[in-house]
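Chemist: here are the coordinates; sequence isn't available:
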């Protein structure tokens, strides 16, 4: 029973006994998501999963974004340089921008999943993945994404998200499947 409580499968309710809960997959995963004990292959796989999710969520972001959300995104990027191809952004800055995009989807599980991924940002920076040289240094900036949110469509946003994450895709594309 203690193990089941630990992974949020059951809970004790006063005067009712022990009841089965609807388990939160992300709660269970979060308890095992310790980057220091996961091997590099697993961390890279999860980082790749993050890239897939962020490109795939473009339709939801575009269809659910409000003018207030756009103002918040603009505030987040207000101090970014116009041209950012060679800039390595602060990890907290990246997290704020991408967290807002996850929030805009309105999908509670997706938001929980993004929080689960936060330790991977540190992995990407500390592992040297981010500093790995890339061939094509052109990609869509955060400001470019905001412009598409204001004046584009879901398809353009999806393409922009893919282009925004291009350097990450390049850095992991040489990985051999084991």
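Modeler: That came through fine. Note that the coordinates shown come from a computational prediction; the quantities given were computed from them, not determined experimentally.
Chemist: Which parts of the chain are strands?
Modeler: Per DSSP state E, the chain carries strands over the ranges 10-13, 17-20.
Chemist: contacting residues for residue 102?
Modeler: Residues near residue 102 by CB atoms under 8 Å, 6 or more residues apart in numbering: 57, 110, 111, 113, 114. In short, each C-beta sits where N, CA and C put it, glycine included.
Chemist: if you skip the residues just before and after it, what's nearest to it?
Modeler: residue 114 (4.1 Å; CB to CB, 6 or more residues apart in numbering).
Chemist: Is the one you found in contact with residue 100, as I believe?
Modeler: No. Using CB atoms under 8 Å, residue 114 is not in contact with residue 100; the gap is 10.2 Å.
Chemist: anything in contact with each of the two?
Modeler: By CB under 8 Å, 6+ apart, no residue touches both residue 114 and residue 100.
Chemist: More neighbours: these two, which one.
Modeler: Ranked by neighbour count (other CB atoms under 10 Å), residue 114 and residue 100 place residue 114 first, with 22 against 17.
Chemist: Run through the residues that contact the more buried one.
Modeler: Residues in contact with residue 114 (CB under 8 Å, 6+ apart) are 98, 99, 102.
Chemist: okay, and for the chain, where does confidence drop off?
Modeler: Low-confidence segments of the chain (pLDDT under 70): 23-28, 30-35, 81-91, 120-138, 173-178.
Chemist: now residue 145, nearest residue through space, not along the chain?
Modeler: residue 160 (5.5 Å).
Chemist: so how many other residues sit close to the one you found?
Modeler: Residue 160 has 22 nearby residues by other CB under 10 Å.
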